[in-house]
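Chemist: Show me the folded form of this:
(chains A and B)
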There are 2 protein chains.
Amino acid sequence: MSYQPPLEDYRLLLSTICPLDKLFALPGFQELDFPVVEAVLEEGSRFAREVLVPLNPVGDREPARMTPEGVVLPSGFREAYRAFVAGGWNAVSADPRYGGQGFPEVVAAALSEMWQGANLSFALCPLLTQGAIETLLLCGSEEQKNRYLPHLVSGEWSGTMNLTEPQAGSDLGRIESLATPEGSAFRLGGQKIFITYGEHDLTENIVHMVLARTPGAPPGTRGLTLFVVPRFGFPPDPPGTANEVRALSIEHKLGIHASPTCVMQYGEGQGARAEQIGELNRGIEHMFIMMNRARLAVGQQGVGISECAYQAALDYARTRPQGKDLKTGEDPVPILAHPDVRRMLLTMAGLTEAARALSFWAFQALDWSRHAPDPRVRMENEQLMAFLTPIVKGFATESAQEVTSLAIQVHGGMGYIEETGVAQLYRDARILTIYEGTSGIQAMDFMGRKVLKDRGQVFLALEQRIRESLASERFSAWQEPKQLLEARLGRLHECVEQVLRVSTADPYYPGVVAYPLMMMTGTVLGAWLLLETCTARPSGLPTPIDGRWRKHKEGVTRFYLSSILPRAEAFAMTILAPDASPTAMASTVL
Amino acid sequence: MSYQPPLEDYRLLLSTICPLDKLFALPGFQELDFPVVEAVLEEGSRFAREVLVPLNPVGDREPARMTPEGVVLPSGFREAYRAFVAGGWNAVSADPRYGGQGFPEVVAAALSEMWQGANLSFALCPLLTQGAIETLLLCGSEEQKNRYLPHLVSGEWSGTMNLTEPQAGSDLGRIESLATPEGSAFRLGGQKIFITYGEHDLTENIVHMVLARTPGAPPGTRGLTLFVVPRFGFPPDPPGTANEVRALSIEHKLGIHASPTCVMQYGEGQGARAEQIGELNRGIEHMFIMMNRARLAVGQQGVGISECAYQAALDYARTRPQGKDLKTGEDPVPILAHPDVRRMLLTMAGLTEAARALSFWAFQALDWSRHAPDPRVRMENEQLMAFLTPIVKGFATESAQEVTSLAIQVHGGMGYIEETGVAQLYRDARILTIYEGTSGIQAMDFMGRKVLKDRGQVFLALEQRIRESLASERFSAWQEPKQLLEARLGRLHECVEQVLRVSTADPYYPGVVAYPLMMMTGTVLGAWLLLETCTARPSGLPTPIDGRWRKHKEGVTRFYLSSILPRAEAFAMTILAPDASPTAMASTVL
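Modeler: Residues are numbered from 1 along each chain as shown, chains lettered A, B, ... in the order given. Okay, the predicted model is just below:
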């Protein structure tokens, strides 16, 4: 498999819908410029291609394994991780105070997409470390930040998220792990499952972020507190002293075989030594910082693996001769000449590029929410990012299922043979709609916290912004696609209104239509962002966008508007169907 | 996994849209009655549950393997196959002249769905034998029929289809295997790939049906002839004499691990001894008999595995407590109480039951095409079956991708762990849209041979039939779903008209919209058949349909109409989009 990070699409996005030159004007970014970013992306692309891509099939064939000495990763992973850290790739967007390089998040997002596209299993380790960094940065004490952040930012140590227990999956209120005070710290006991990179041999220490209860805490999520549990060297112990935490076993999974998914045991004796992070009983809020960040990152995993699958299918379609051209009669032609193969490839490209545009747009909102001098701009961008997070996670990962499946389909029988490699992408991608909150959980978050809670205010502001933008003359050569978009946007408006109206009378209704509404919003926003990308004049680029890429983008956008956007109408009809909720919820049916 | 064949749905279909009592009036079936069929289905269900279901995970963990003595199947498969043959299950619908039991194909279809739902890898062996039986019956000489059919019908021997070669996948015109005359027979040489059950240890002989060229034959598919190559005992050799055919290797696949997918070598010395079947250079037509039959059967594989996945997800949803009820506040509740989980389960049930209705309906058309005394009825049913074949194959197998994926989704993180079993269903199902002609090939068959060739005549007759049926008073309690169906049927009519109009001007256009048209037709016909099933008065049943099943069916049908049928509109918008074809085919885009 020869994955090439799509640098030209990154340059296009970073000069149109996520204009870097405007970010460079903000405090914190003023020493950066486009050529520096381009050089970093080029270098990242080289690392992805040369180091991570070749390891991807190795990790699939040779899963992470449990040994008497603990969890061991596949051959080559230690060396690759060492090179990753040595290259500074773990620290791209981190705060310079703790050793980070202070790049915008949207630039780090492009790099992260490359790692995911090249090797999902490998890239999960820094993804989770990133979440731990974020949480410590926003909720940790100065002492905690100084103790953990330099090691996590450099990548010398890794981080994990510990939420799930056997009886507490999506329902975190049922967490039973218990942290009992001992002096200024705690002793923590309990079992956590599905802990990604819960144990491994890549770093000298692992910093576990753990949700647990304290004695006498209120029931449900309001009684959860966040703790940090280092695997080694709980202060004031010396660095090598083991804490009471270990992996009991690792799971045998459908995909991401190289990523160790651990059952973690905390406290087999007196309890694992733990420090509280942030406030007592506010662990769920603190964990959500980590989780929202991780959700955007999982969305990017969807984009990265989709891009890789698309490229593999396109390569195969260009080189496999089979059948004759329906128009010219040439025989044989590469299967790329067949309309149905082109339909599949364009669907793959359309979904992937729409999801990327959404993801980049969310990450630049994150940058603006932190660096804009105007507090109103910061707040608006914070709201936008929160609105987009479940959409990016939901839409990009659901799309990844379809795109990786189509990659197999384009390969025909060869796609079903493991040696070809696309089957691995299909298996690896299948986790993406599940972890960090299933698509159903994303949909409920979107419906409940992002639409119903503010009575659609953020949505309406965004709709207004889209309508204003579409009124511009830039779209004169795009009248027909533009009208298709306006029609679906109108239907989305109808759906939101109906949701706001009906949800008070029928408490099940928002749940029944949450998934369609999230997917519809993603489908429509994706169309808009693709159109914007095609029509906006790129700003700040040292060299213009490659003409072939522009032609590709325009074609993919037209195809998306004519052949993918119609799905939004199917979602609308489902949302507006009068008896969908009573039928779905009737106890006699299932 | 505790798969239970859905006998009540079979009874409902066999007493409404596929009325067995009418079939029993036809010559050949007059000694049958409903109680006999019910007893056979009960017994089949027991065999599926007790013998095939427990073997399914065994076959996944312990793939078929190549040994110095040839291909060996997983433990237990030999014993299960022996019991299958001893139970007469291989011979249900076969001609009594050759040892068959002469049941209608639609009854055999119900049984076949059970084998597929219980164990896809196992059931592939009799599926292919069935295809060989069909071809020999319709194209073989009396001598050939007498030589092979009794052994194939009993299941003592198995059959294979040998089409694909490395350079000839969907494009069979590129087949290079060569059969050279020798006396009244042939010597055949060449390599075939992806040969399902090409070699195994279940039967004492294997009858290979092989497409090959003869010296001087015209190029392309018009130069292909069909041959039969028994593994042992080519006449007049004694039974144990080996022919020159063997498996060189077997593939390492994403799923169906127990089913050996072989690279077959014919003729390593003087050539494998082969007999011509049917006419010279008409092999492709003869093979299509086998292939069409196999296509319907693969559609059933999609239905069977979908049913199994649905039941697994429903079981899990009923027993996994997590979260609180949105209306009653009860906490915790089984996840079945959550609207989004119900949406997923209803989508699974809707797609599965619509696909089953389509599949049964096609098989009963097959029965009528053979047994109706009136030649016009025979011809109409033959045309209907030909029209439905690519739809059943395409719609049921594409649905199986979605249904098995949703089964993982309902299980959340547990679904991604191989031990749970649904991941196997997801991997096994992925082959279904590929083998026996990819979905793209089905779509082109549908578009070219079933819509364009007769200028939409069969479609228009079917549309008329649907409209007449919907005018009946039976639908008075179903006004709203009925109107939804009529609206989509109208759009389908528009699409067919546009296809007929535009396809002459733009030869790529039918290819671009073939897949959406096939899927749209399947989605609409599925809706109609579900509605018919709900509203028709069952005839001929010894005992009435269970009330709970009826409630389930009515709810699933309403959900399908409100929440799945809208997809037909998305397909319509794609088909009718004015620039879909020029955009897709522009060489600058991909």
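Chemist: Okay, and the nearest residue to A:Leu314 once chain neighbours are set aside sits in which element?
Modeler: Take A:Leu314 and drop its neighbours on the chain: the residue closest to it by Cβ to Cβ, 6 or more residues apart in numbering or on different chains is A:Leu345, 5.8 Å away. Using the backbone N, CA and C atoms, a C-beta is placed for each residue, glycine as well. Here A:Leu345 is covered by helix A:339-371, with elements defined by DSSP states H and E.
Chemist: Report how many residues lie close to the closest residue to chain B within the stretch 1-150 of chain A.
Modeler: Across the stretch 1-150 of chain A, no residue is closer to chain B than A:Arg61, which sits at 10.1 Å (Cβ to the nearest Cβ). As a burial measure, A:Arg61 scores 12 neighbours (other Cβ atoms under 10 Å in any protein chain shown).
Chemist: Equivalent analysis for the one 10 residues further on, please.
Modeler: A:Val71 is flanked by 20 other residues according to other Cβ under 10 Å.
Chemist: before we move on, the earlier item: contact partners for the residue nearest to A:Leu314?
Modeler: Applying Cβ atoms under 8 Å, 6 or more residues apart in numbering or on different chains, we find A:Leu345 in contact with A:310, A:313-314, A:317, A:336, A:406, A:410, B:590.
Chemist: And A:Gly223, by the same measure?
Modeler: When contacts are counted by Cβ under 8 Å, 6+ apart, A:Gly223 touches A:213-214, A:217, A:281.
Chemist: Assign a three-state SS to the nearest residue to it once chain neighbours are set aside, would you?
Modeler: Leaving out its chain neighbours, the residue that sits closest to A:Gly223 by Cβ to Cβ, 6+ apart is A:Ala217, at 3.3 Å. Using DSSP: H, G, I helix; E, B strand; the rest coil, the structure places A:Ala217 in coil.
Chemist: among the contacts of A:Leu345, which are in helices?
Modeler: The helices, defined by DSSP state H, take in A:310, A:313-314, A:317, A:406, A:410 from these.
Chemist: Who wins on neighbours among these?
Modeler: Result: A:Tyr310 is most packed of the ones in helices among the contacts of A:Leu345 (other Cβ under 10 Å), 29 neighbours.
Chemist: What residues does that one make contact with?
Modeler: A:345, A:348-349, A:352, A:403, A:407.
Chemist: returning to what we had before: now, among the contacts of A:Leu345, which is nearest to A:Leu358?
Modeler: The closest of the contacts of A:Leu345 to A:Leu358 turns out to be A:Tyr310 (Cβ to Cβ; 16.4 Å).
Chemist: so A:Gln167 makes contact with A:Ser177?
Modeler: No: A:Gln167 is not in contact with A:Ser177 according to Cβ atoms under 8 Å; the separation is 11.1 Å.
Chemist: And stretch A:229-243, what's buried?
Modeler: Within stretch A:229-243, the residues that count as buried by 16 or more other Cβ atoms under 10 Å in any protein chain shown are A:229-234, A:243.
Chemist: Adding secondary structure, write those out as CSV.
Modeler: Below are those laid out as CSV (three-state DSSP):
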residue, secondary structure
A:Val229, strand
A:Pro230, strand
A:Arg231, coil
A:Phe232, strand
A:Gly233, coil
A:Phe234, coil
A:Asn243, coil
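Chemist: Show me which of those is closest to chain B.
Modeler: Of all the buried residues of stretch A:229-243, chain B sits closest to A:Val229, with 21.4 Å by Cβ to the nearest Cβ.
Chemist: Can you tell me how far the residue of the stretch 1-150 of chain A closest to chain B is from B:Glu62?
Modeler: A:Arg61 sits at a distance of 18 Å from B:Glu62 (criterion: Cβ to Cβ, to the nearest Å).
Chemist: and if you look at A:Ala527?
Modeler: A:Ala527 is 48 Å from B:Glu62, where distance means Cβ to Cβ.
Chemist: Those two - which one has more neighbours?
Modeler: Between A:Ala527 and B:Glu62, counted using other Cβ under 10 Å, the more crowded position is A:Ala527 (26 against 15).
Chemist: so when I look at the more buried one, I'm seeing a helix, right?
Modeler: Yes: the assignment for A:Ala527 (three-state DSSP) places it in a helix.
Chemist: tell me the contacts of it?
Modeler: By Cβ under 8 Å, 6+ apart, the neighbours of A:Ala527 are A:354, A:481, A:484-485, A:488, A:560-561, A:564-565, A:568.
Chemist: So which of those residues is the closest to A:Asp171?
Modeler: Proximity of the contacts of A:Ala527 to A:Asp171 (Cβ to Cβ) peaks at A:Ala568, which lies at 31.2 Å.
Chemist: Am I right that the closest one is in contact with A:His493?
Modeler: No: the criterion here is Cβ under 8 Å, and A:Ala568 misses it with A:His493 at 11.9 Å.
Chemist: Comparing these two, which residue is more hemmed in?
Modeler: A:Ala568 (28 against 15).
Chemist: Need the distance between the two termini of stretch A:17-29.
Modeler: This stretch, stretch A:17-29, spans 18 Å end to end (Cα to Cα, to the nearest Å).
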